[in-house]
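S.K.: fold the following, please.
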Amino acid sequence: MSEPAITWDIDVRRRFEHAGRRFDLQSRFVSDARRLILYGPSGAGKSQTLKVIAGLTPPDAGHVRLSGRTLVDRAAGIDVPARDRRLGYVFQDYALFPHLTVAQNVGFGLAPGARNPGRGTVAPQVHRWLTAFELGPLANHYPEQLSGGQRQRTALARALVTEPQALLLDEPFAALDTALRARLRDELSALLDHLAIPMILITHDPADVDRLGDEVLHLAEGVVLPPSANAAAA
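M.R.: Model (predicted):
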């Protein structure tokens, strides 16, 4: 029987210094999980790990490989720009552009350079995801006019419109109430099953772990705990 393909191969190090304080990130793991969760308290290094994978923060050393594709390797001088990594990123606060409509926000990743997509024409890819997330009636609304769940769906649609190789989700349910969190977890789970797309989700909520995790890695003080410690913390 053949060995499962490695999806995630991460070994990155980065030192952060601010206001006289130092934090050393030494995030290292290999996994073939489709749904991988990085779990731990605030300040454990989860978001920083995700930003390094996405190309938003450069590592001081190490590498990031996704399904055999090298995204960064400091020793080899490889550093694929964030826009070319084909990763869909959803920020904790969703990071929607307040001056753009829902349709424009979703289509932003398709616009060349820094040009905002126009309001007149909706690309077929944008229409597909507006329909999939039931956002069609809200296409001309602005983020301030949306509920928390609608903002999250808009952010997910924007992440998926470019057909990414993987999804990176930073505490996607943190700003939602308990009932809405449960419903949107179910929606996300069904979406991931349908798309068969790898995901890393970071959270400190055990309910996210129970519903969405194929594999769970625990982080503490910038380090991924060994398997024995992960099992004990589960």
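
S.K.: from here on, just use CA atoms for contacts and neighbour counts.
M.R.: Fine.

S.K.: show the low-confidence segments of this protein, by residue range.
M.R.: Within the chain, the segments meeting pLDDT under 70 span 1-4, 112-118, 120, 227-234.

S.K.: host element of the residue nearest to Ala155 when sequence neighbours are not counted?
M.R.: Nearest residue to Ala155, sequence neighbours excluded (CA to CA, 6 or more residues apart in numbering): Tyr94, at 5.6 Å. If you go by DSSP states H and E, Tyr94 is not part of any helix or strand.

S.K.: repeat that for Gly149.
M.R.: Per DSSP H and E: helix 148-160 holds Gly149.

S.K.: partner residues bridging the most centrally placed residue in the chain?
M.R.: What sits nearest the mean C-alpha location of the chain, by CA atoms, centre = their mean, is Leu168, with 1.6 Å. Assessed by DSSP bridges, Leu168 has beta-bridge partners Tyr89, Ile200.

S.K.: any idea how far Asp214 is from it?
M.R.: From Leu168 across to Asp214, the span is 15 Å (CA to CA, to the nearest Å).

S.K.: okay, buried residues for stretch 128-143 please.
M.R.: Of the residues in stretch 128-143, Trp129, Leu130, Leu135, Gly136, Leu138, Ala139, His141, Tyr142, Pro143 count as buried by neighbour count, 16 or more other CA atoms under 10 Å.

S.K.: how far does that stretch stretch from start to finish?
M.R.: Start-to-end, stretch 128-143 (CA to CA) is 19 Å.

S.K.: isn't the residue nearest to the centre of the chain up against Leu50?
M.R.: Yes. Look at Leu168 against Leu50 with CA atoms under 8 Å: they come within range, at 7.0 Å.

S.K.: OK, contacts around Val102?
M.R.: By CA atoms under 8 Å, 6 or more residues apart in numbering, Val102 lies in contact with Leu135, Leu138, Ala139, Asn140, His141, Tyr142, Pro143, Thr154.

S.K.: which parts of this structure are helices?
M.R.: For the chain, the helices defined by DSSP state H occupy 46-54, 102-107, 124-132, 148-160, 178-195, 206-212, 227-233.

S.K.: pipe those into CSV and attach distance to Leu25 per row.
M.R.: Shown next, in CSV, are those (distance: least, CA to CA, whole Å):
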stretch, distance to Leu25
helix 46-54, 8
helix 102-107, 32
helix 124-132, 36
helix 148-160, 26
helix 178-195, 29
helix 206-212, 22
helix 227-233, 18
